[in-house]
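Trainee: Starting from these lines, generate the structure:
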Amino acid sequence: MWAADEVVAVCDRKLYWTSTDLRGVYVSEMNGSFTTAIVRDESSHCRGIAVHPAKGYVSVLHAES
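Mentor: Coordinates of the predicted model:
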């Protein structure tokens with residue numbers, strides 16, 4: 001179950017999401033397998049993401065709690 005402040009993006013058959021509990025951005029296969037943390041940030045909460053996997057770009061929008 002997703003928390004209300006988590007953000008989800010789907011790109012190139014991968015699922016990307018933010019987690020305020022774990023304070024990071026994660027990627028997995030569409031079925032949830034092979035979950036990997038791609039960004040971890042202990043200082044603020046992730047509020048949005050933009051991904052461009054072909055170029056390896058991940059942009060994260062942060063907001064203070």
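
Trainee: Pairing partners for residue 26 in the sheet, please.
Mentor: Beta-bridge partners recorded for residue 26 (DSSP bridges): residue 17, residue 37.

Trainee: what's near enough to touch it?
Mentor: With contact set as Cβ atoms under 8 Å, 6 or more residues apart in numbering, residue 26 has these partners: 16-19, 35-38. No exception for glycine: its C-beta is placed from N, CA and C like everyone else's.

Trainee: go on, residue 11?
Mentor: The contact partners of residue 11, taken as Cβ under 8 Å, 6+ apart, are 51-53.

Trainee: What about the residues you listed, which are in strands?
Mentor: Members of those lying in strands (criterion: DSSP state E): 51-52.

Trainee: what about this structure, any weak spots by pLDDT?
Mentor: Within the chain, the ranges that satisfy pLDDT under 70 run 1-5, 42-46, 64-65.

Trainee: Looking at the contacts of residue 26, which one is closest to residue 60?
Mentor: Closest approach to residue 60 among the contacts of residue 26 (Cβ to Cβ): residue 18, at 7.6 Å.

Trainee: Kind regards, and thank you for your time.
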